[in-house]
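Trainee: coordinates only, sequence not included:
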């Protein structure tokens, strides 16, 4: 912290009382200047003098303590009024409860870990100047020279004092924006995205609702969006999903259907590779199906050997899988019981076909579903999400911010959750290859994160974990891949994921269980700080984390391009 910016916290005009009771974490103070019923002013700055949530400095000699006033009352059961409109001046002496936050050097503002020295009885209390509180919250004394500072917020009662935060403190251990509906999460998210863009950062915005349409950035659309064109439409081909994704999508039974599904996909990959070539001795029909009944196994095994290096990424036709499953329902050997022939497949096994009928019907239904055309047998001329991610992460890509609009991706068949999970897996794969690094970091903004994290889909006997972004939270930091999640339901986010998040911007939270999740996830928040969560105003937030010296209530700045997150106008609609 620069010496010229810091000044003494002990201004005689800001003295408001003294310490009368000391404990390890709290002080009881006599607020001798707080009983007048109104605030005072000094050089144009308001001195709150006894207001709840006011920051105060306590003079402890060689060190100072920053505290927060969390409760104010008047001692004495006989006192029934604090009316200040009496004929004579008020002689009230309120009592206050001060939460101890951090020790600091009063000459330069450098804070210490923990409380270096507790105050004595009679130690003087001073109302904290808002600019000093801002400097302490920013922690600039620990900043490296030439670091970027993002103007994210201001003090709730003094908008002239801006809170700046470095990208390292905000993003290096991931960031979460939490809060109930209407608390200001979307505005905070948009504000941070704009700050990242203006500072030259690189980020992907996963927009599941289209709420961030107003952002000035490159937008891409998945599904039949009204703004979609041939240039900005994206697909995620079904054959680029993993085997576990396909099983989560189609939900085959583990015992009888999954083996047939895997075999059908493998056969269709072989058909795709050899459909236009000769001399392979495979029985490929005019409908591009591989016939196995009574056929020799050697050509099939030779085809697998030929494709050994790339079969996991080979394309296949989704619409043919249903009929291919029927072709997979054959006896493992030809011949008969007394004279089996292991070199060929046997005839059709009708019992196996019967076990797969509901899976076959599901596949045919999805093949004809127009809402799933973004993933099933897509047009190969349309750009794919994996290719876009690889191109965007390359250092030569021109634009710094891209937005993936998923508002037209349906929830049916868990396709939206599977898509976002596949995006996260692709990002982590690119990061592991070194394309994303500490020298070229990437931020991923995820709105409505409770829809995608901690998801388990499938039946009890075959559940599938959608854990890609959970893995990013746990290991993305070492690759330079960091996430910023926003959610109105913190209790739906796994605790092991929240515990990896170093910075929290918490808007109003009224649900007790959500508050408890936040307190468990971040050790720096305590009951006193958490008590402000239900009463935060719109746009106000509690900013806390491992790189912030103390939890602090701030007013998040309004973004330039506000998101489309407004409530219905019932009165206007009903009058028309």
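Mentor: Sure thing, it's come through. Please read these numbers as outputs of a predicted model, since none were measured by experiment.
Trainee: can we go C-alpha only for contacts and neighbour counts from here?
Mentor: Will do.
Trainee: measure residue 466 to residue 533 for me?
Mentor: 30 Å (C-alpha to C-alpha, to the nearest Å).
Trainee: Looking only at neighbour counts, state which of those two leads.
Mentor: residue 466 (25 against 21; other C-alpha atoms under 10 Å).
Trainee: Give me the nearest residue to that one, chain neighbours excluded.
Mentor: residue 455 (5.5 Å; C-alpha to C-alpha, 6 or more residues apart in numbering).
Trainee: That neighbour touches residue 468, doesn't it?
Mentor: No - contact criterion C-alpha atoms under 8 Å: residue 455 and residue 468 do not qualify, at 10.4 Å.
Trainee: the more surrounded of the two?
Mentor: Just comparing residue 455 and residue 468: by other C-alpha under 10 Å the higher neighbour count belongs to residue 468, 22 against 18.
Trainee: For that one, give me the pLDDT.
Mentor: Residue 468 is assigned 90 on the pLDDT scale.
Trainee: what's the answer for residue 31, then?
Mentor: On the pLDDT scale, residue 31 gets 89.
Trainee: If you count neighbours, what's buried in stretch 296-310?
Mentor: For stretch 296-310, burial by neighbour count (16 or more other C-alpha atoms under 10 Å) applies to 296, 300, 303, 304.
Trainee: can you put the residues you listed in CSV and add distance to residue 218?
Mentor: Formatted as CSV, the buried residues of stretch 296-310 follow (distance: C-alpha to C-alpha, whole Å):
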residue, distance to residue 218
296, 53
300, 46
303, 43
304, 42
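Trainee: okay if I get these as JSON lines plus secondary structure?
Mentor: Shown next, in JSON lines, are the buried residues of stretch 296-310 (DSSP: H, G, I helix; E, B strand; the rest coil):
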{"residue": "296", "secondary structure": "strand"}
{"residue": "300", "secondary structure": "helix"}
{"residue": "303", "secondary structure": "helix"}
{"residue": "304", "secondary structure": "helix"}
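Trainee: tell me the phi and psi of the nearest residue to residue 536 once chain neighbours are set aside?
Mentor: Excluding the flanking residues, the one nearest residue 536 by C-alpha to C-alpha, 6+ apart is residue 508, at 5.1 Å. Dihedral pair for residue 508: phi -60, psi 130, per degrees, to the nearest 10.
Trainee: List the contacts of residue 508.
Mentor: Contacts here follow C-alpha atoms under 8 Å, 6 or more residues apart in numbering; on that basis residue 508 touches 179, 180, 183, 533, 534, 535, 536, 537, 538, 540, 541.
Trainee: pLDDT at residue 81, what is it?
Mentor: 55.
Trainee: Also residue 460?
Mentor: 66.
Trainee: circling back: mind checking which of the contacts of residue 508 are in strands?
Mentor: 540, 541 (DSSP state E).
Trainee: Please check the contacts of residue 508 and keep the buried ones.
Mentor: 179, 180, 183, 533, 534, 536, 537, 540, 541.
Trainee: will you turn the residues you listed into TSV that also has pLDDT and distance to residue 366?
Mentor: As requested, the buried ones among the contacts of residue 508 are exported to TSV (pLDDT from 0 to 100; distance: C-alpha to C-alpha, whole Å):
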residue	pLDDT	distance to residue 366
179	93	36
180	90	36
183	88	39
533	89	45
534	90	45
536	91	46
537	90	46
540	94	45
541	95	44
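Trainee: Which single one of the residues you listed is nearest to residue 308?
Mentor: residue 179 (49.6 Å; C-alpha to C-alpha).
Trainee: So what does the closest residue to residue 422 other than its chain neighbours have for phi and psi?
Mentor: The shortest distance from residue 422 to any non-neighbouring residue, by C-alpha to C-alpha, 6+ apart, is to residue 241 (6.8 Å). Backbone geometry at residue 241, expressed as degrees, to the nearest 10, gives phi -80, psi 160.
Trainee: what's the burial count for residue 241?
Mentor: Count around residue 241 with other C-alpha under 10 Å applied: 19.
Trainee: Also residue 434?
Mentor: Residue 434: 12 neighbours (other C-alpha under 10 Å).
Trainee: Quick check: chain neighbours aside, which residue is closest to it?
Mentor: residue 479 (7.4 Å).
Trainee: May I have the beta-bridge partners of the residue most central in space within the chain?
Mentor: Taking C-alpha atoms, centre = their mean, the centroid of the chain lies closest to residue 485, which sits 1.5 Å from it. For residue 485, the beta-bridge partners are residue 176, residue 446 (DSSP bridges).
Trainee: Quick check: it touching residue 185?
Mentor: No - Residue 485 is beyond contact range of residue 185, at 10.2 Å (criterion: C-alpha under 8 Å).
Trainee: Report the set of residues contacting both of the two.
Mentor: residue 177.
Trainee: From the centre of this structure, point out the most distant residue.
Mentor: Farthest-from-centroid check, the chain (C-alpha atoms, centre = their mean): residue 338, 62.4 Å.
Trainee: pLDDT value on that residue, please?
Mentor: 84.
Trainee: what residues go with each domain of the chain?
Mentor: When the chain is parsed with automatic domain parsing, its domains come out as 3-138, 167-236+378-559, 243-372.
Trainee: And the ones you listed: which comes nearest residue 160?
Mentor: domain 3-138 (9.3 Å).
Trainee: So residue 224 versus residue 166, what's the distance?
Mentor: Counting by C-alpha to C-alpha, the gap from residue 224 to residue 166 is 39 Å.
Trainee: which stretches of the stretch 401-550 of the chain form strands?
Mentor: 401-405, 442-446, 455-457, 464-466, 481-487, 503-506, 540-545 (DSSP state E, counting those that start in this stretch).
Trainee: Which of these sits closest to residue 430?
Mentor: strand 481-487 (9.7 Å).
Trainee: Would you mind listing the buried residues in that closest one?
Mentor: Quick answer for strand 481-487 (16+ other C-alpha under 10 Å): 481, 482, 483, 484, 485, 486, 487.
Trainee: Packing partners of it?
Mentor: helix 167-171, strand 175-178, helix 185-199, strand 442-446, helix 468-475 (3 or more C-alpha pairs under 8 Å, 6 or more residues apart in numbering; DSSP states H and E).
Trainee: What is the burial count for residue 424?
Mentor: 20.
Trainee: on that earlier part again, now the contacts of residue 508 in TSV, with distance to residue 195?
Mentor: Compiled in TSV, these are given as follows (distance: C-alpha to C-alpha, whole Å):
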residue	distance to residue 195
179	21
180	23
183	20
533	25
534	28
535	27
536	24
537	23
538	20
540	18
541	18
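Trainee: Closest one of the contacts of residue 508 to residue 121?
Mentor: Scanning the contacts of residue 508 for proximity to residue 121, where the rule is C-alpha to C-alpha, the winner is residue 533, at 31.5 Å.
Trainee: quick one: the closest one and residue 543 touch, right?
Mentor: No - counting by C-alpha under 8 Å, residue 533 stays clear of residue 543, with 10.9 Å between them.
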